[in-house]
Every structure is written in C-alpha cells, then in structure tokens.
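Novice: Okay, predicted coordinates and the sequence, questions at the end:
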Amino acid sequence: MKHQKYIPRSLSFALAVLLLITGGCAKLPDDDAGAELMRFENLRGNRYAEVFLIGGNAITRNFKAGIYNSAGLNDDAGTGNTAPQALVNGIDIEALKEEYDVLGVYKNAPRIWTLDWIEVNIGRERDFNGLKARWVMWLDVPKELIKKESLAYKTLTGKRDTSFGFDKGKPVFILDDPQGDTFVMKSINLYATPDQTYEGLQTLGARLQLAEGWSYRVEVLDRDLVLKPDNESAVITMDDLGNVYDLVGGPYSNFKP
C-alpha cells in the first residue's frame, strides 16, 4: 500500500488539530495491511462520516492520520445513511484518544456525497463508539494548515489513488476560478453548516461569499464524468461553507464540464 497525502476538508480540521494534539509521540495502527480495492455505488445524496486517528511527533510537528470512512456500514435498513446522527453524536473523542493511544482524534461528520460512485482501497474496520468505519487512506498533515486562516477558494495538492464517478444525466456543482480552471463538488459539509441540503445546491451560488473572480454553476452531464488523480496527485479546493471540490480537465478527468 502506497503512502497517501490527503488534504483536510475545512479550516475546522486545522483548528481541531491545534486543540486536540497534546504532545509526545504516537504510532498509528497498521490498518492499511491487506487493503483491497472496493467500489461503492449509488452514493449521491447519502450521508457518511469519517474519523481521523492522528499520530506522529508533536515536538517536531510531523503529524500523520489514518482516515476511516463509514461507506457501506451502519445501514442495515439500506437507507443510504451510513452516518446516523445518534452514532455521530456518540463518538467520544477523548475516549478514543485513550483507547488508541494517539495524539488526537477528529470527527469529520456528517457529510453528504454529491458523486455517484467511488473506488477506494479499503483496510481494517474499526468501531468508534458504535459508528463503524474502515481505513481508506493515510494523511500527512501539512504544517502550513495548522494555522488560523481560511482555506476557502485556495487550491491545494494532495496524494491519493481514489477514483470518483458522476453519472450521465445527473447535475454537477461547479466552481470556476479566475484562471479558467474548473472544480467539481464531491461532498457537502454538514458538521460546520448543518442546514445545507443536497436540494439546496441548485441555488448555492446565492449563498456563497465567492472570492474575487470565482463563480458557481450547475451543469447536467451529457456523459459520465470520471475523476482520477494524475500520478496519484489531485488538486482540491473548497468554498466558504466547507464543501469540497476536485479539479477536472486535463489529466484529472475524462473531460471538463
């Protein structure tokens, strides 16, 4: 399994790291061992959760996190909700820090998928106070992100080998930057902005405080859109509500909507 670098999903992650890391060193469990490629379908509009176990060296400030995603779990009734609010509320960060002997724990939940399918390497399953989630990637926490500054409408580069798909005939929610680059939304942030809905994305542009030169639009796909990293590299941005987008076009997707 190759080591992957992942970009945090909002400023609240950076602040959470500042609050949660207490000092010393911590080794993370090898939950990527035996990871296998899995595909998850029919994700659009579904809720999910992520839990980050944060280890590393607090003295040198070299931090690493294992990311665990709830896709395909916690949903015996088949409703598409893999992050029931009761389970999300039940996650005890301090208890998990002690249980796993890590520097910090971050609850990235809940969120809503705005894509249709993903292909990702899946590792060991963990039970986080009742919410089940499986290892999906490692995160190298960039030092520059552990600052009190907004990440909205800034472009960041990360490492991963996950593929994302958006189906023909479905809408995609797009940010265009001043240079003409296009970013397609992957997920909605509910933990910082719980009043957001999938239906509300049609008029989200009126709510956003767009940076100068940026614009928001909605397009219906006339063919399937597939996002893949370029040599395990992806470019990511987010809006001021914490929704996350990936760069498309060129080597990053099969076409640019």
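Specialist: Structure's in. What do you need?

Novice: What are the neighbouring residues in contact with the nearest residue to residue 221 once chain neighbours are set aside?
Specialist: Distance criterion Cβ to Cβ, 6 or more residues apart in numbering; nearest residue to residue 221, sequence neighbours excluded, is residue 168 at 5.3 Å. For every residue, glycine as well, the C-beta is placed using N, CA and C. Neighbour list for residue 168: 221-224 [criterion: Cβ atoms under 8 Å, 6 or more residues apart in numbering].

Novice: of these, buried ones?
Specialist: For these, burial is judged from neighbour counts taken by 16 or more other Cβ atoms under 10 Å, and it is met by residue 221.

Novice: I'd like the contacts of residue 168 as JSON lines, with distance to residue 92 appended.
Specialist: Formatted as JSON lines, those follow (distance: Cβ to Cβ, whole Å):
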{"residue": "221", "distance to residue 92": "41"}
{"residue": "222", "distance to residue 92": "47"}
{"residue": "223", "distance to residue 92": "45"}
{"residue": "224", "distance to residue 92": "41"}
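
Novice: JSON lines for the contacts of residue 168, including distance to residue 57 and secondary structure?
Specialist: What follows is the contacts of residue 168, written out as JSON lines (distance: Cβ to Cβ, whole Å; DSSP: H, G, I helix; E, B strand; the rest coil):
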{"residue": "221", "distance to residue 57": "45", "secondary structure": "coil"}
{"residue": "222", "distance to residue 57": "50", "secondary structure": "coil"}
{"residue": "223", "distance to residue 57": "47", "secondary structure": "coil"}
{"residue": "224", "distance to residue 57": "43", "secondary structure": "coil"}
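
Novice: and the contacts of residue 168, which two are the farthest apart?
Specialist: Across the contacts of residue 168, no pair lies farther apart than 222 and 224, at 9.6 Å, counting by Cβ to Cβ.

Novice: before we move on, back to that, pLDDT wise, what is the residue nearest to residue 221 at?
Specialist: Predicted confidence (pLDDT) at residue 168: the value is 98.

Novice: and what of residue 174?
Specialist: The model reports residue 174 with a pLDDT of 98.

Novice: ok, and for the helix or strand encompassing it, which residues are buried?
Specialist: Assigned by DSSP states H and E, residue 174 belongs to strand 171-176. When burial is assessed from 16+ other Cβ under 10 Å, strand 171-176 yields the following buried residues: 171-175.
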